[in-house]
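Novice: I'd like to go over a predicted model; first the sequence, then the structure.
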Number of protein chains: 2
Amino acid sequence: MSSPTAGAAPDQDDPDANSGGAAAQSQRTPKSERTREQIVAAALQLFREQGYQGTTMRAVAASAGVSVGNAYYYFSSKEELIQGFYDQMVTDQAAACVQVFAGSRDFAERLRGALLAWLTAAEPYHEFAGRFFATAAQPDNPLSPFSRASSPARDASIALYRELIDGASVQVGAELSVTLPELLWLYQLGIVLYWVHDSSPGTKRTRLLVDHTVPMITRLVRLSRLPVIRPLSRQTAELVTMLRSHPS
Amino acid sequence: MSSPTAGAAPDQDDPDANSGGAAAQSQRTPKSERTREQIVAAALQLFREQGYQGTTMRAVAASAGVSVGNAYYYFSSKEELIQGFYDQMVTDQAAACVQVFAGSRDFAERLRGALLAWLTAAEPYHEFAGRFFATAAQPDNPLSPFSRASSPARDASIALYRELIDGASVQVGAELSVTLPELLWLYQLGIVLYWVHDSSPGTKRTRLLVDHTVPMITRLVRLSRLPVIRPLSRQTAELVTMLRSHPS
């Protein structure tokens, strides 16, 4: 009934379980990880069925078969459950990318594979995402992909793109190299934004967008070593630095 | 009390007043144009004060000093009033651009001036836009900037960018030339999206984004004539064609 205190520890074998987010994933035990996943899965099912507004933490806990206190131990608020959704998407994407990256060193194939892996993971949540992203798009919302609260999922995604590039048989210009993973994450955000608005059957227009833009991104990356393109790489790096800096 | 019939004509001297949107603007008489602007101004004030949901057509009509029937004659729904907002923004932007375009043939200066003109026109509506865009971002919303209903404002904006390019002392590659106005409109949409989320004082971060990206866009446009860049221009044109085509 009452809110849990910060010190509550339903899983005695896992004192780090409440550190939250993909970044802390390595510190979790299999058991607490399983409980966490159960809660996220229950929440996402309820969000799909009853909407984000209509879902309570109590209902999530009941559906996951855990106490309300235990649910709050893992997620301090309903909003944090959405961070769980973001984490889940990048975890599923990374799992699918193991095979994609092992199968090809071609940059374009790896990039296309990574994006399609995200779309495949997110497909069951398409309708929910459409309704939900309208809320997340509000200014200053901690659910914004740029927020501090979203940094674990964002960092995990950027790390995945770093891995994509490092294993690819492509030469990237020095200026571009540092910022490219973050740029590819921004590109993925653009694809996701389009996907949210995509009402075509099976969101096939988004897949068409991927097929059209991957060769363009690949061409730009290849051109990044040309002297005539280098100033653009530098400007892009400056832009990312500006975007990353805290608003004043 | 009752909804107006389609044939109602409060302004006998202006049978075309109900054709709506920026495209039909040339057919309007000064009197009907004035009435229309009064209604839009009243609506935007109410949206700012009471929110979009809390504003009724009846309140808009009362505030504008016209009958409810007359208000419905110009705007068949509250949503159409938002189209009036879009139209108003591009009209104000175009008015400010007359001086910008007359003052310089430099592509970058013209582009920067056009974007700052939009930001200046939209500044009083920043808070409203933040709340409202969350609604407009819903899938299939006719208020989406890509919708058929938004085409008058979109076409007017693309025409403004065509004028910007045609009067500038810049050589644009043939493949890029056709789609460049639409690409600059898409670029402006990106700036607007950032602006909606910008909580810095005076939205100065958006102005910083303009200052960072205008030189990059300008460089890309100048490079468009190089043989090594041409395939990218062709791919970009194909992408715009894909985006423009109707979802199936």
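Specialist: Received the coordinates, thanks. Residues are numbered from 1 along each chain as shown, chains lettered A, B, ... in the order given.
Novice: and the residue lying closest to residue A:101 once chain neighbours are set aside, what pLDDT?
Specialist: Using CB to CB, 6 or more residues apart in numbering or on different chains and skipping residues adjacent in sequence, the residue nearest residue A:101 is residue A:167, 5.5 Å away. No exception for glycine: its C-beta is placed from N, CA and C like everyone else's. At residue A:167, the model reports a pLDDT of 93.
Novice: how many neighbours does residue A:167 have?
Specialist: By the measure other CB atoms under 10 Å in any protein chain shown, the count of residues near residue A:167 is 14.
Novice: list the contacts for it?
Specialist: A:101, A:105, A:110 (CB atoms under 8 Å, 6 or more residues apart in numbering or on different chains).
Novice: what's the spacing between the first one and chain B?
Specialist: Translated: residue A:101. Distance, residue A:101 to chain B, by CB to the nearest CB, to the nearest Å: 25 Å.
Novice: got the contact list for that residue?
Specialist: Per CB under 8 Å, 6+ apart, neighbours of residue A:101: A:110, A:113, A:163, A:164, A:167.
Novice: just confirm the first one contacts residue A:166, I think it does.
Specialist: Right, residue A:110. No. Taking contacts as CB atoms under 8 Å, residue A:110 lies outside contact range of residue A:166: 10.4 Å.
Novice: okay, the two: which has more neighbours?
Specialist: In terms of neighbours (other CB under 10 Å), residue A:110 is the more surrounded of residue A:110 and residue A:166; the figures are 25 against 11.
Novice: the closest residue to that one other than its chain neighbours in helix, strand or coil?
Specialist: If the residues on either side of it in the chain are set aside, residue A:110 comes closest to residue A:164, at 4.9 Å by CB to CB, 6+ apart. Recorded secondary structure, residue A:164: helix (DSSP: H, G, I helix; E, B strand; the rest coil).
Novice: tell me how many other residues surround residue A:164.
Specialist: 20.
Novice: list the contacts for it?
Specialist: For residue A:164, the contact set (CB under 8 Å, 6+ apart) comprises A:97, A:101, A:107, A:110, A:111, A:114, A:181, A:184.
Novice: thinking again about what came up before, in CSV, list the contacts of residue A:167 along with secondary structure.
Specialist: Listed next are the contacts of residue A:167 as CSV, based on three-state DSSP:
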residue, secondary structure
A:101, helix
A:105, coil
A:110, helix
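Novice: got a list of what residue A:187 touches?
Specialist: A:213, A:217.
Novice: point to the helix or strand of chain A where mean pLDDT is at its lowest.
Specialist: Here the helix or strand of chain A ranked lowest by mean pLDDT, DSSP states H and E is helix A:126-136, holding a mean of 73.
Novice: thinking again about what came up before, filter the contacts of residue A:164 down to just the ones in strands.
Specialist: Using DSSP state E, the subset of those located in strands is empty.
Novice: any chance of these in CSV, with pLDDT too?
Specialist: Listed next are the contacts of residue A:164 as CSV, based on pLDDT from 0 to 100:
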residue, pLDDT
A:97, 96
A:101, 95
A:107, 96
A:110, 96
A:111, 96
A:114, 96
A:181, 95
A:184, 95
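Novice: quick one: which of the residues you listed is nearest residue A:155?
Specialist: Checking the contacts of residue A:164 against residue A:155 with CB to CB, the nearest one is residue A:181 at 10.2 Å.
Novice: residue A:161 contacts residue A:181, doesn't it?
Specialist: Yes. Between residue A:161 and residue A:181 there is a contact at 4.0 Å, judged by CB under 8 Å.
Novice: same drill for the two, tell me which one is more crowded.
Specialist: Ranked by neighbour count (other CB under 10 Å), residue A:161 and residue A:181 place residue A:161 first, with 22 against 19.
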